[in-house]
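K.L.:
Build me a structure from this.
(one chain, ligands or ions: 2)
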Amino acid sequence: MPSSPTPDGSPRPIALSCGDPAGIGPEIAAKAWARLRDSQPFAYIGARRHLPEGLPTALVSSTAEAPAVAATALPVIEIDFAGASTPGTPDPADAAGTIAAIERAVAEVQSGAAAALCTCPISKLALIEGAGFAFPGHTEFLAHLAGGSHRPVMMLASPELRAVPVTIHIPLADVPAALTPGLLTETLRITAAALRQHFGLPAPRLAVAGLNPHAGEGGKIGTEELDWIEHTLADLRKEGLDITGPLPADTMFHPAARARYDAALCMYHDQALIPAKTLAFDSAVNVTLGLPFIRTSPDHGTAYDIAGTGTANPASLIGALQMAAEMATARSTHGAD
Ligand SMILES: NC(=O)c1ccc[n+]([C@@H]2O[C@H](COP(=O)([O-])OP(=O)(O)OC[C@H]3O[C@@H](n4cnc5c(N)ncnc54)[C@H](O)[C@@H]3O)[C@@H](O)[C@H]2O)c1
Ligand SMILES: N[C@H](C(=O)O)[C@H](O)COP(=O)(O)O
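P.N.:
Ligands and ions are numbered 1, 2, ... in the order given. Below is the predicted model:
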């Protein structure tokens, strides 16, 4: 589905940041353009020299110019990169350009030139080492760029499963202390609102995983469920949210269990992302909820091990661009969060 159409019926363009140029971002962006050139325009925000040789490109100064040229060339907003950008070898000198591309993509969507933002993968380590990047990922950086008052919520979405980690990029040892009734409540409310507004689900069904094995087994294998998780969910049910749980995490992802909910809220990164990527690695999309703009991304990372080989699968990025467009259409129909 195209993004919220312009008066002449054409889809609005999306801003795509290039990610780490030593990863597969440039390659999958080129492949996505070849697939979507006639249906969903987007502007690649990065350096032309990183793109595959022979790819037709057109320099543009704004994402708004992308629709005019996208059928014949990949529209590019040029960003300076200082590094050598050898595929498969992250270069600290590229960190500043990678960050600048994200910042420019956000500016494009904030100005209204782009209908939504999509991001190619970054390496957190490369950005920390190369530029002292102070954020654990795009999710937190985008919340900062949005003004800092927004609570970003990560969702991995595919036809098989929508999974939301309540805590995201923190050490496992820090998870129990980071989980609070306030954080769980806010994450559930933001997820429910997004499912209503962007995913066509007027009465979303939410399933919440327990923190401990067997959801604590009545307090015998951990007490967080009894101490506060159950009460928090009970309070939210009184608000009208359709919530089941806390459920044992090991049995909530088989097909019959998944048919009973629209999104699974999980207590930590891997509890959500292992089932999400196992069920749909090629097609799942990483969506950031709770921001004043729409952001999607492929579910995979930089894939340095195959960068430059021409074998990267663009399916998740294509899905991310299409989902961004669908969400922009839904937002223009139903209004912002
Ligand atoms: N959205 C993001 O920015 C994002 C998401 C996940 C991971 N990362 C980062 O990526 C880096 C590498 O992470 P990783 O190695 O754990 O995961 P990864 O997803 O980069 O790679 C895991 C495996 O899947 C393969 N793979 C990934 N995407 C593929 C594709 N499109 N086509 C074919 N094969 C593909 C890789 O070759 C590799 O064997 C890390 O620094 C991590 O922080 C970034
Ligand atoms: N947690 C994500 C994953 O493993 O797929 C990934 O690191 C992306 O995070 P950001 O979107 O915050 O960069």
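
K.L.:
Between the two ends of stretch 106-115, how far is it?
P.N.:
Terminal residues of stretch 106-115 are spaced 11 Å apart (Cα to Cα, to the nearest Å).

K.L.:
Which per-residue confidence value corresponds to S85?
P.N.:
On pLDDT, S85 comes in at 78.

K.L.:
Was I right to think it contacts P92?
P.N.:
No. Judged on Cβ atoms under 8 Å, S85 makes no contact with P92 at a distance of 11.6 Å. Every residue, glycine included, has its C-beta placed from N, CA and C.

K.L.:
Now do the contacts for L36.
P.N.:
Counting by Cβ atoms under 8 Å, 6 or more residues apart in numbering, L36 makes contact with 42, 318, 321-322.

K.L.:
Restricted to strands, list those.
P.N.:
When the contacts of L36 are checked against strands (DSSP state E), the matches are F42.

K.L.:
filter the contacts of L36 by proximity to ligand 2?
P.N.:
Residues of those in contact with ligand 2 (Cβ under 6 Å from any ligand atom): none.

K.L.:
right, and out of the contacts of L36, which lies closest to N286?
P.N.:
For the contacts of L36, the minimum distance to N286 (Cβ to Cβ) is 12.5 Å, reached by L321.

K.L.:
Run through the residues that contact the nearest residue to P92 once chain neighbours are set aside.
P.N.:
Of all residues not flanking P92 in the chain, G130 sits nearest, at 3.2 Å (Cβ to Cβ, 6 or more residues apart in numbering). Applying Cβ under 8 Å, 6+ apart to G130 gives the contacts 90-96.

K.L.:
per-residue pLDDT, the residue nearest to N212 when sequence neighbours are not counted?
P.N.:
Using Cβ to Cβ, 6+ apart and skipping residues adjacent in sequence, the residue nearest N212 is G222, 3.0 Å away. Listed pLDDT for G222 reads 96.

K.L.:
what about G222, how many neighbours?
P.N.:
Neighbourhood size, G222 [other Cβ atoms under 10 Å]: 17.

K.L.:
Tell me how far it lies from G216.
P.N.:
G222 sits 5 Å away from G216, going by Cβ to Cβ, to the nearest Å.

K.L.:
Next: L291.
P.N.:
Note on L291: its distance to G216, by Cβ to Cβ, is 33 Å.

K.L.:
Up against ligand 1, what does the stretch 51-200 of the chain have?
P.N.:
Contact residues, the stretch 51-200 of the chain versus ligand 1 (Cβ under 6 Å from any ligand atom): 121-125, 138.

K.L.:
Which residue, neighbours along the chain excluded, lies closest to the residue of the stretch 1-150 of the chain found nearest ligand 2?
P.N.:
Closest residue of the stretch 1-150 of the chain to ligand 2, Cβ to the nearest ligand atom: G137 (2.6 Å). Leaving aside its sequence neighbours, G137 sits nearest to H169 (Cβ to Cβ, 6+ apart; 5.4 Å).

K.L.:
In the chain, what residue comes closest to ligand 1?
P.N.:
Closest contact between the chain and ligand 1, by Cβ to the nearest ligand atom, is at G301 (2.2 Å).

K.L.:
Would you mind putting the CA coordinates of the helix or strand encompassing the residue nearest to P92 into CSV?
P.N.:
Element membership for G130, per DSSP states H and E: helix 124-131. Extracted in CSV, the C-alpha atoms of helix 124-131 (Å, rounded to 0.1, in the frame of the first residue of the first chain):
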residue,chain,number,x,y,z
LYS,A,124,26.3,0.1,18.0
LEU,A,125,29.9,-0.8,18.7
ALA,A,126,31.3,1.0,15.6
LEU,A,127,29.4,4.1,16.5
ILE,A,128,30.5,4.1,20.1
GLU,A,129,34.1,3.5,19.2
GLY,A,130,34.1,5.9,16.3
ALA,A,131,32.0,8.8,17.6
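
K.L.:
buried set for the longest helix anywhere in the chain?
P.N.:
Ranked by residue count under DSSP state H, the longest helix found in the chain is helix 315-334. Neighbour counts over helix 315-334 (16 or more other Cβ atoms under 10 Å) mark 315-331 as buried.

K.L.:
pLDDT of it, averaged?
P.N.:
Rounded mean pLDDT across helix 315-334 is 89.
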